[in-house]
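1. Show me how the following folds:
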Amino acid sequence: MPYNQNLQLKDSDNIRENAFEKWIANKKQERKLIPKILSTQEEPVYFIPVVIHVIYYKDFEGIEVGNLTEEQIFSQINVLNEDYRRMNQDTLDTPEWFLPVAADTRIEFRLAQRDPNGAPTTGIVRIEGPKTSWNANLPADDVLLKSLSFWPPEDYLNIWIVNLSGDFLGYAQYPQTDLPGTLPPFNRETDGVVIDYQVFGSIDKGSFPNIRLNYDRGRTTTHEIGHFLGLRHIWGDSDVCGVTDYCEDTPDQETSYDSCTGILGFSCDSEDMYQNYMDYTYDACMNLFTVDQMERMRIVLENSPRRASLLTSPGLIPPDTISNILIVREIMNPTDISCESVFNPAIILQNIGNNSIADFEVEVTLNENTFPSVRYDLPISTGGSIELNFSGEMGMIELEKGQHFVKFQIKNPNGVDTINYPGKSASKYFVSSSIEEEVPYREKFSQNDFQNSSWVSFNPDNSITWESGSVPLNKEANNAAFIKMYDYRFTDQKDWLISPIFDFSDAPDASITFDYSYARYDSTKNDLLEILLSIDCGRSFPFTVFSANSDQMALRDFANPWVPLVSTDWKRQYVSLTEFAGLENVRLAFRTTNGYGNNLYIDNIEFYITGFSEYLILEENSIRIHPNPSTSGSFYVTLNTEERQPVNIAVINLLGKQLVEKQLNPALNQTVEFDLAGHANGIYLIQVKGTTFRQAARLLINK
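-> Below is the predicted model:
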């Protein structure tokens, strides 16, 4: 529950829950109007393709921890199919008063046979991860572990097997509705289920010594997939009677159960269904879903985005049986956002045909330039893959700052023309920018485009994207960055405004402030703004430091294309970057997800190096002394100069004697700490002098 609450960005928990439950109720009513034989046995069986991502680590002796065997993984798939089809042997333990509502959900799970590229797969991926454990309550951990191995959630149920820290057994991402205006959705890039490796599989299916006592029959995964398909905890996540899980045939229950023995099993004037898979009881207690739970999950599978598409996924279709097929499985380099100024392309090729590949050709296109095909005599066995780097064949090619297009095309594997086979080529847009800037830093977008600035835009669909130009303020000349989402008809598209590279290694603290302007066009149109952070120069952006949708951003409603005119059309936003102080190769990106809403403007971006965690923003060419008076002798000087320059800060007593002096080079917008604890009470003069900047203020020390 806390995991999904962290993902809910638009509304309060109650508002979002009510909207989802109203949607479910409407779908349930629609379902009743469809003529059908009134028997669950006549419901079609839904098959869900599953990919298991095993994220293991090596201990100090080199032993792989969490790298489960195929047998243990197969045991879990068997448990899921038994539980969801009510073929589990412990159906005999279902109390007789619950037998009338115990249900076969007619949902089954199959390991994928075809990967996203159409290649054969076992449905199991093994990755050595960079961490020994993962925190379920830490969004950065969630994003990072899923980025290690991820298949499209429209086509696969992603299940990650990891070592979860603390006492967490697993967590799952809830489904969303198909209603308009439900953006921002639960993040596509994190959609799926995470299970601790010690509770995956069943001792009833084999001898697996790493399984945790009492959670040793695979019911954690059964429980979490229930959440993935829209089920709530049976007690309604509130320790009082009268709170619902929205299933009429599950009894009102005061709280959860966490064991199988020594329990009353009775509350709220009725028997408790602690045998339900959506309680917290031990695995040996659990043995049923109800009819209402079954219907709820099937409604989600039939209607919810990234759930309904699972039923038509190619993941369970056996791979094509073609003799000589070599595909581009992945473009390794360039990454979407690169800090390299030299074109250094690399791809992974995979043989998905029936024959071993002895030779092939690769053709590379960069922007409008197609290079001559290069022939390779490299054997690739059936199902095998290789990584291919082209730098030696292509020589050094300098990349200009900005967006580029690259395409790789495979030709003539074993001398056979497969030019029309899907997967024989892959292409993408990418951005190259290696510009570095000092911190502290300010960006006013004074240029009329990004070409001559330190910033760069990334436009993956090559359509409307971020621009820089004139946005007058109070009839005065002013520039800003903006994206015209009012005219942007391709919804759900992501566009990036990317910063230069910063070195925070000497920063005691850090933050970013910026001005933005946005008006909501319509409550059914929902745009999203996120600030993402990279610590590897832009190759990945695993950290979300700010997120707001249309309702949260809007300064007002406006039924026409939004253009800010006066200062009240803008709002200042502060974001702490404290946890990233001390790191180098830091890069930020303002990323929008288009909901066909209204135009968004960004201006006056400032990176502060503070050493002071309080939100304190000054106008240009000003200083502030705080606290003032100082009751300890310790105080801060915060300054904001109009341009970067060397600055001298001096503390002078009433006799004109300089007591302390500090030099800042460069100075722009930052905070400096002083300590006069050893000096007498009284008034002191603070003088700040720079090349074009001079300010003074009085300080009172009253210890």
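2. tally of neighbours for residue 266?
-> By the measure other Cβ atoms under 10 Å, the count of residues near residue 266 is 12. Where C-beta positions appear, they are placed from N, C-alpha and C, glycine not excepted.
3. quick one: residue 337 and residue 540, what's the gap?
-> 9 Å (Cβ to Cβ, to the nearest Å).
4. Please enumerate the shared neighbours of these two.
-> Common neighbours of residue 337 and residue 540, using Cβ atoms under 8 Å, 6 or more residues apart in numbering, are residue 534.
5. which parts of the strand or helix carrying residue 294 are buried?
-> For residue 294, the host element (DSSP states H and E) is helix 291-303. Across helix 291-303, burial judged by 16 or more other Cβ atoms under 10 Å covers 291, 292, 293, 294, 295, 296, 297, 298, 299, 300, 301, 303.
6. can you check stretch 80-93 too?
-> When neighbours are counted by 16+ other Cβ under 10 Å, the buried residues of stretch 80-93 are found to be 80, 81, 82, 83, 84, 86, 88, 90.
7. Stretch 449-460 too?
-> 450, 453, 454, 455, 456, 457, 458, 459, 460.
8. quick check, nearest of the residues you listed to residue 634?
-> Nearest to residue 634 among these, counting by Cβ to Cβ, is residue 454 at 35.9 Å.
9. Skip the chain neighbours and tell me the closest residue to that closest one.
-> Counting by Cβ to Cβ, 6 or more residues apart in numbering, residue 454 lies nearest to residue 500, which is 4.0 Å off, once chain neighbours are set aside.
10. so what's the backbone phi/psi at the closest residue to residue 59 other than its chain neighbours?
-> Nearest non-adjacent residue to residue 59, counting by Cβ to Cβ, 6+ apart: residue 65, 5.5 Å away. Residue 65 adopts backbone torsions of phi -100, psi 120, taken as degrees, to the nearest 10.
11. Contacts only, for residue 65.
-> Residues in contact with residue 65 (Cβ under 8 Å, 6+ apart) are 56, 57, 58, 59, 132, 163, 197.
12. what ranges do the strands span in the stretch 301-450 of the chain?
-> 326-333, 337-338, 346-351, 360-366, 369-370, 374-376, 385-389, 402-411, 425-432, 436-437, 441-443 (DSSP state E, counting those that start in this stretch).
13. okay, the ones you listed in JSON lines with distance to residue 471 and mean pLDDT next?
-> Below are the strands of the stretch 301-450 of the chain laid out as JSON lines (distance: least, Cβ to Cβ, whole Å; pLDDT from 0 to 100):
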{"stretch": "strand 326-333", "distance to residue 471": "36", "mean pLDDT": "90"}
{"stretch": "strand 337-338", "distance to residue 471": "25", "mean pLDDT": "91"}
{"stretch": "strand 346-351", "distance to residue 471": "41", "mean pLDDT": "92"}
{"stretch": "strand 360-366", "distance to residue 471": "34", "mean pLDDT": "94"}
{"stretch": "strand 369-370", "distance to residue 471": "36", "mean pLDDT": "94"}
{"stretch": "strand 374-376", "distance to residue 471": "48", "mean pLDDT": "93"}
{"stretch": "strand 385-389", "distance to residue 471": "44", "mean pLDDT": "91"}
{"stretch": "strand 402-411", "distance to residue 471": "22", "mean pLDDT": "94"}
{"stretch": "strand 425-432", "distance to residue 471": "23", "mean pLDDT": "93"}
{"stretch": "strand 436-437", "distance to residue 471": "23", "mean pLDDT": "92"}
{"stretch": "strand 441-443", "distance to residue 471": "14", "mean pLDDT": "91"}
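14. Would you mind saying which of these lies nearest residue 688?
-> Here strand 441-443 is closest among the strands of the stretch 301-450 of the chain (Cβ to Cβ), at 17.5 Å.
15. tally of neighbours for residue 675?
-> Neighbour tally, residue 675, other Cβ under 10 Å: 12.
16. so what's it bridging to?
-> Residue 675 has the following beta-bridge partners by DSSP bridges: residue 634.
17. Residue 192: how many residues sit nearby?
-> 24.
18. In contact with residue 122, which residues?
-> For residue 122, the contacting residues are 70, 111, by Cβ under 8 Å, 6+ apart.
19. If we use 10 Å, what do you get?
-> Applying Cβ atoms under 10 Å, 6 or more residues apart in numbering to residue 122 gives the contacts 51, 52, 70, 73, 111, 112, 113, 115, 383.
20. Checking residue 231 next. Helix, strand or coil?
-> Under DSSP: H, G, I helix; E, B strand; the rest coil, residue 231 falls in the coil class.
21. coming back round to it: of the contacts of residue 65, just say which sits nearest to residue 42.
-> Relative to residue 42, the closest of these is residue 197; by Cβ to Cβ it sits at 38.8 Å.
22. Would you agree the closest one is in contact with residue 53?
-> No. Here residue 197 lies out of contact with residue 53, judged by Cβ atoms under 10 Å, at a distance of 11.4 Å.
23. what is in contact with those two at once?
-> Joint contacts of residue 197 and residue 53 (Cβ under 10 Å, 6+ apart) are 160, 161, 162.
24. Against residue 386, how distant is residue 412?
-> Distance, residue 412 to residue 386, by Cβ to Cβ: 17 Å.
25. Just the CA trace of stretch 531-551, in PDB.
-> Below are the C-alpha coordinates for stretch 531-551, written out as PDB (Å, rounded to 0.1, in the frame of the first residue of the first chain):
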ATOM      1  CA  ILE A 531      12.300  16.700 -13.200                       C
ATOM      2  CA  LEU A 532      14.600  13.700 -13.600                       C
ATOM      3  CA  LEU A 533      18.200  13.400 -12.400                       C
ATOM      4  CA  SER A 534      21.100  11.500 -13.800                       C
ATOM      5  CA  ILE A 535      24.400  10.800 -12.000                       C
ATOM      6  CA  ASP A 536      26.100   9.200 -15.100                       C
ATOM      7  CA  CYS A 537      26.200  12.200 -17.500                       C
ATOM      8  CA  GLY A 538      22.700  11.400 -18.900                       C
ATOM      9  CA  ARG A 539      22.900   7.800 -19.900                       C
ATOM     10  CA  SER A 540      20.200   7.000 -17.400                       C
ATOM     11  CA  PHE A 541      17.800   9.100 -15.300                       C
ATOM     12  CA  PRO A 542      16.700   6.900 -12.400                       C
ATOM     13  CA  PHE A 543      15.800   9.700 -10.000                       C
ATOM     14  CA  THR A 544      12.600  11.700 -10.100                       C
ATOM     15  CA  VAL A 545      13.100  14.800  -7.900                       C
ATOM     16  CA  PHE A 546       9.900  16.700  -8.900                       C
ATOM     17  CA  SER A 547       6.600  15.700 -10.400                       C
ATOM     18  CA  ALA A 548       3.300  17.600 -11.000                       C
ATOM     19  CA  ASN A 549       0.300  17.100 -13.200                       C
ATOM     20  CA  SER A 550      -2.100  19.700 -14.700                       C
ATOM     21  CA  ASP A 551      -4.100  20.100 -11.600                       C
END
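26. chain center to that stretch, what's the gap?
-> In terms of Cα atoms, centre = their mean, to the nearest Å, the centre of stretch 531-551 is found 8 Å from the chain centre.
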